[in-house]
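A.B. asks: Pasting the sequence and the predicted model now:
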Amino acid sequence: MASVTLEALTDESVERALVVVAHPDDADFWAGGTLARWSAAGIAVTYLILTDGDAGGFDPATPREDIPRIRRSEQKAAARILGVHDVRFLGLAEGTIVQGAELRRQIVRVIRLVRPRRLLTWSPQWNWSRFRTSCHVDHRATGEVTLTAAYPDAGNAFAHPDLIDSESLDPWEVEEIWMLNARQPNHYVDVTETFNSKIEALRAHRSQTGHRYRLADEMRERLEPNSAAAGLAVGRPSPAAQALGRALRRRRCHHDRRRVAHPTLPSSTPLWTARVR
Ligand SMILES: [Zn+2]
């Protein structure tokens, strides 16, 4: 595949970022080090968690009806460790996320409320190279519905007009989209300095990680290939990098909402296809 480098927004230029994921712990497992960096750079990060992860956990002694409450509490604690103080839940049941108008509307509503310049969500494509650890059906569905909510819905004044009429939520166009578990990452974030915060956040998800005594080693092993691909492995004692797909939707134009969006990627390139650097 051709080598393409996309211009990225600097963290310092981003006021707000929205993270839309399927389950409590997704953001922290898959981008915790990156999100800690964003917070440290002054970005106000919001999590939108679509389900309560009610099928999660490892301990049969935990009453199943308690899981949603436990997982929400753990998610808030983990987010705080990474500097994220706005955590919202849609409360769907795990395994039920599907692309649909009502779910898209709810995500559009949060996009228009938060008005993020940067959006992070799951890739809507299977990644066969890490199928067992990443390809939950909710992840793929979250990517699909969230990308659709971001474009075209959120920025279209004629989509979901009730949000304008009832809540005065004007259209908002997200400028930059990052994707977890992209098949072909085109962006790596050096998380060497925030790796320990990520592990601390993962430890806060006790119902999911309380039995994983090698958690830090597991995460370091998972990040090692990224570190090598990002060129961090040379001369660093414990380098760590997170790999993400990144696509720029359009130039910023928040003052004139009637303008038509102009994708900066070639028109033949699907939004979710990450390009190899
Ligand atoms: Zn998940």
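C.D. replies: Sure thing, it's come through. Numbering: from 1, shown residues only.
A.B. asks: Quick one: list the elements packing against the helix or strand harbouring Ala201.
C.D. replies: Element membership for Ala201 (DSSP states H and E) is helix 195-204. Helices and strands touching helix 195-204, by 3 or more Cβ pairs under 8 Å, 6 or more residues apart in numbering; DSSP states H and E, are helix 26-40, helix 67-81, helix 215-229. In this view, the C-beta of every residue, glycine as well, is placed from N, C-alpha and C.
A.B. asks: buried ones in that helix?
C.D. replies: Buried residues in helix 195-204, counted by 16 or more other Cβ atoms under 10 Å: Phe195, Ser197, Lys198, Ile199, Glu200, Ala201, Leu202, Arg203, Ala204.
A.B. asks: what's the pLDDT at the fourth one?
C.D. replies: pLDDT for Ile199: 97.
A.B. asks: burial of the residue in the stretch 51-200 of the chain that the ion sits nearest to, as a residue count?
C.D. replies: Ranked by Cβ to the ion, the top residue of the stretch 51-200 of the chain for proximity to the ion is His136, at 5.0 Å. Residues near His136, counting by other Cβ atoms under 10 Å, number 18.
A.B. asks: Hmm, Val21 and it touching each other?
C.D. replies: No. Contact criterion Cβ atoms under 8 Å: His136 and Val21 do not qualify, at 10.6 Å.
A.B. asks: before we move on, the earlier item: now do the helix holding Ala201 against helix 215-229, angle only.
C.D. replies: Interaxial angle, helix 195-204 versus helix 215-229 (axes from the mean of the first three to the mean of the last three Cα atoms, to 10 degrees): 140 degrees.
A.B. asks: can you list the residues that contact helix 195-204?
C.D. replies: With Cβ atoms under 8 Å, 6 or more residues apart in numbering as the contact definition, helix 195-204 has outside contacts at 25, 28-29, 32-33, 36, 74, 77-79, 81-82, 191, 209, 215-216, 219-220, 223, 238, 240.
A.B. asks: residue with max distance from the center of this protein?
C.D. replies: Ala61 (31.2 Å; Cα atoms, centre = their mean).
A.B. asks: ok, back up a step: and the helices and strands packed on helix 195-204, which is most packed in?
C.D. replies: Across the helices and strands packed on helix 195-204, averaging neighbours per residue (mean count of other Cβ atoms under 10 Å) puts helix 26-40 on top, at a mean of 25.
A.B. asks: how far out from the middle of the chain is whatever helix or strand comes next after it?
C.D. replies: Remark: after helix 26-40, the chain's next helix or strand is strand 44-51, criterion DSSP H and E. Chain-centre distance of strand 44-51: 8 Å, with Cα atoms, centre = their mean, to the nearest Å.
A.B. asks: Can you pull out the residues in contact with strand 44-51?
C.D. replies: Outside of strand 44-51, the residues within contact range by Cβ under 8 Å, 6+ apart are 15-24, 26-27, 35, 38-39, 72, 75, 79, 82-84, 86-97, 103, 107, 110, 114, 116, 138, 142.
A.B. asks: Any residue of it touching the ion?
C.D. replies: No. No part of strand 44-51 sits close enough to the ion to count as contact by Cβ under 5 Å from the ion; the gap is at least 8.6 Å.
A.B. asks: can you give me the angle that strand makes with helix 67-81?
C.D. replies: Going by the same axes, to 10 degrees, strand 44-51 makes 160 degrees with helix 67-81.
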